[in-house]
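S.K.: Sequence plus the predicted model coming up.
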Amino acid sequence: MALQLHQCRAVKFGLAVVAIAMTTGCVTVYQPLVGLQRPIALDPQTPTNFTDNTRVLVRCHPGDGVEADVLCRNVRSSLTKQGAMVTTEVVRASGKVAAPDRIETPPQFIIDINSKLIHHEDSAILSLLCIASFTLIPAVEEWTFGQEIRIRDAQGFLLAQQSFQERFVESFGLGVWALNGIIDLLIRPKSEQVTGDGYKEEFTRDLHGHLAQLLYNAKVRARVMNSFAPEPSPEKPKGTAP
Amino acid sequence: MSRAVLLCALSGCAIDTLAFKTKAERRNLDCQRLSDVEAAARYPGQVPPPPAKELAGGMGDVLACSTRYLQTGERPNRDEAILTTLSTQVTELADSAGAMAPQTTRWHVDAFYPSLPVAQKIAVAARTTLAQRGFIVSDRVPTLAAGDVAFLVTLPQSEVYRIACARSFVTEVLGPDEALLGLMIVDPKETQLHGGVCLRGEWRWLP
């Protein structure tokens, strides 16, 4: 009877440990490394940044650890909200363009986004310690991504280019998650909280803001290069009804 | 001691100090990834030299960060964006300008920017770059007569630089062996500099 009770307690304890490990979360910290921490002069929330018939083709190139189609979709959404007419192309690794949007008028600006994974670090020793300690000691994984953005006009003239780099450090474990959760709850203001998806929002805000600024700069450069000549009306593609 | 180690392990402090920095502190760091070899050469004493096998293969890398002198938010956004890239932007424009005139040309530089201290920094950077390239550079800023300036301010931006340049040549403010490099922004929401050269009465925008 006493043995049965002991076994039952051991099973309960084991289940509790597994349950705690299952509910353990991640704490991800985002750090802008190159370019993204620089301020911008444009407000990307303004819906009139690109209202004067700005036609843009966003071309997303494949890269390790990067979902090019998601990136293209998000960039289109961001620029469309600012008044631009955006079409997207996702370039596959083979060089083929996957399901391009239907283009009714030729774009004035072509944005090429090349993203790549620059660095990835995952400590095997920490992972083992994490498992051995029931995630009390955190496992840490780190990624550094880079984006190379080039904006050209319809003739292929390079109007603007910029490189960005950012780093994400993810800590996995009950200890780090619980401690940061408590600090988030009691001490940190909402803008500084590290548990949850705040890092994604912060990175997206940075990248989309800089992309909008770069497009705006490219637009002004195009005007200057044309000696402030008025923009010609868009040509209709051949074979379409007038 | 054991409590401190446990707390450290719990909070992840032994692994990355990044978790203890606020967002503002993280944004005030300028970082770049360097190879072990390059990092050891740049920061001797702080980064140990890599083992011989890494010297041959170049395996590891180091994230080198430094805190910025002026923190984010201390200057207006546009000024900050222009000034953090000033060297790159001015070098490109000065190199393009230098290729448009003979080596014997005397260069004048003027910057048109809403903030006077920033305009002065832009002009000094351009003068220094031109001088480093071996050009003759003047400290004098060519100035048109008050009547000309009063007329020029009424013109649209597309015309003002072209007409000012032609007028400078006609009134001999700029001689035939002199050129003006103008650096400016043309839109309040942009963060890039444009450049133009006035040579023998003709204004040309730089690519």
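M.R.: Perfect, thanks for sending it.
S.K.: pretty sure residue B:129 contacts residue B:92?
M.R.: No - the pair residue B:129 / residue B:92 is not scored as a contact, 9.6 Å apart, by Cβ atoms under 8 Å. Any C-beta I mention is one placed from the backbone N, CA and C, and that applies to glycine too.
S.K.: more crowded one of these two?
M.R.: Neighbours were counted for residue B:129 and for residue B:92 using other Cβ atoms under 10 Å in any protein chain shown; residue B:129 has more, 22 against 15.
S.K.: Please give me every residue in contact with that one.
M.R.: Contacts for residue B:129 (Cβ atoms under 8 Å, 6 or more residues apart in numbering or on different chains) come out as B:90-91, B:94-95.
S.K.: before we move on, what about residue B:74?
M.R.: So residue B:74 contacts residue B:80 (Cβ under 8 Å, 6+ apart).
S.K.: which secondary structure element contains it?
M.R.: Assigned by DSSP states H and E, residue B:74 falls within no helix or strand.
S.K.: For the chain, just list every one of the strands.
M.R.: Looking at chain A here, since you left the chain open. Using DSSP state E, the strands found in chain A span residues A:26-34, A:55-61, A:85-91, A:97-98, A:109-122, A:139-153, A:158-172.
S.K.: my question was about chain B
M.R.: Under the criterion DSSP E, chain B contains strands at B:29-35, B:61-67, B:106-112, B:136-137, B:178-184, B:194-199, B:202-205.
S.K.: Nearest approach to residue A:137 belongs to which of those strands?
M.R.: Minimum separation from residue A:137 across the strands of chain B (Cβ to Cβ) falls at strand B:61-67, 22.5 Å.
S.K.: can you list the strands of chain A in JSON lines and add mean pLDDT?
M.R.: Formatted as JSON lines, the strands of chain A follow (pLDDT from 0 to 100):
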{"stretch": "strand A:26-34", "mean pLDDT": "88"}
{"stretch": "strand A:55-61", "mean pLDDT": "94"}
{"stretch": "strand A:85-91", "mean pLDDT": "92"}
{"stretch": "strand A:97-98", "mean pLDDT": "64"}
{"stretch": "strand A:109-122", "mean pLDDT": "91"}
{"stretch": "strand A:139-153", "mean pLDDT": "92"}
{"stretch": "strand A:158-172", "mean pLDDT": "91"}
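S.K.: Which one of these lies nearest to residue B:61?
M.R.: Of the strands of chain A, nearest to residue B:61 by Cβ to Cβ is strand A:109-122, at 6.5 Å.
S.K.: How is chain B partitioned into domains?
M.R.: For chain B, automatic domain parsing gives the domain ranges B:2-67, B:77-205.
S.K.: Show me the helices in the chain, by range?
M.R.: No chain was given, so I picked chain A. For chain A, helices defined by DSSP state H occupy the ranges A:2-23, A:68-81, A:124-132, A:174-186, A:198-225.
S.K.: let's do chain B instead
M.R.: Ranges of helices within chain B are B:2-11, B:23-27, B:36-42, B:52-57, B:77-84, B:86-98, B:116-132, B:146-152, B:157-170, based on DSSP H.
S.K.: rank the ones you listed by pLDDT, which is bottom?
M.R.: Among those, helix B:2-11 carries the lowest mean pLDDT, a mean of 41.
S.K.: how about the helices of chain A in TSV, adding mean pLDDT, mean neighbour count and distance to residue A:49?
M.R.: Formatted as TSV, the helices of chain A follow (pLDDT from 0 to 100; neighbours: other Cβ atoms under 10 Å in any protein chain shown; distance: least, Cβ to Cβ, whole Å):
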stretch	mean pLDDT	mean neighbour count	distance to residue A:49
helix A:2-23	54	10	43
helix A:68-81	93	18	9
helix A:124-132	85	14	45
helix A:174-186	82	18	34
helix A:198-225	93	20	6
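S.K.: could I get those helices as a markdown table with distance to chain B?
M.R.: Formatted as a markdown table, the helices of chain A follow (distance: least, Cβ to the nearest Cβ, whole Å):
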| stretch | distance to chain B |
| --- | --- |
| helix A:2-23 | 14 |
| helix A:68-81 | 15 |
| helix A:124-132 | 7 |
| helix A:174-186 | 4 |
| helix A:198-225 | 5 |
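S.K.: Adding distance to residue B:109, write the ones you listed out as TSV.
M.R.: Listed next are those as TSV, based on distance: least, Cβ to Cβ, whole Å:
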stretch	distance to residue B:109
helix A:2-23	64
helix A:68-81	36
helix A:124-132	55
helix A:174-186	52
helix A:198-225	18
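S.K.: Residue A:109 is nearest to which of these?
M.R.: Residue A:109 lies closest to helix A:198-225 among the helices of chain A, at 5.9 Å (Cβ to Cβ).
S.K.: now the closest one, how far from the chain's geometric center?
M.R.: Relative to its parent chain, helix A:198-225 has a centroid offset of 13 Å by Cα atoms, centre = their mean, to the nearest Å.
S.K.: swap in stretch A:218-230?
M.R.: Stretch A:218-230 sits 30 Å away from the centroid of its parent chain (Cα atoms, centre = their mean).
S.K.: and what of stretch B:30-37?
M.R.: 22 Å.
S.K.: what about residue A:167, how many neighbours?
M.R.: 22.
S.K.: For beta bridges, what are the partners of it?
M.R.: Bridge pairing for residue A:167 (DSSP bridges) gives the partners residue A:31, residue A:144.
S.K.: Can you give me the distance of it to residue A:143?
M.R.: To residue A:143, residue A:167 is 7 Å away according to Cβ to Cβ, to the nearest Å.
S.K.: repeat for residue A:56
M.R.: 29 Å.
S.K.: what do you get for residue A:227?
M.R.: Look at residue A:227 and residue A:143: by Cβ to Cβ, they are 45 Å apart.
S.K.: which one of the two has more residues nearby?
M.R.: Just comparing residue A:227 and residue A:143: by other Cβ under 10 Å the higher neighbour count belongs to residue A:143, 17 against 13.
S.K.: so the more buried one sits right up against residue A:168, yeah?
M.R.: Yes - taking contacts as Cβ under 8 Å, residue A:143 lies within contact range of residue A:168: 4.9 Å.
S.K.: Not counting sequence-adjacent ones, nearest residue to the residue nearest in space to the middle of chain A?
M.R.: Nearest to the mean C-alpha position of chain A, counting by Cα atoms, centre = their mean, stands residue A:204 at 4.9 Å. In this structure, residue A:204 finds its nearest non-sequential neighbour in residue A:74, 6.9 Å apart by Cβ to Cβ, 6 or more residues apart in numbering or on different chains.
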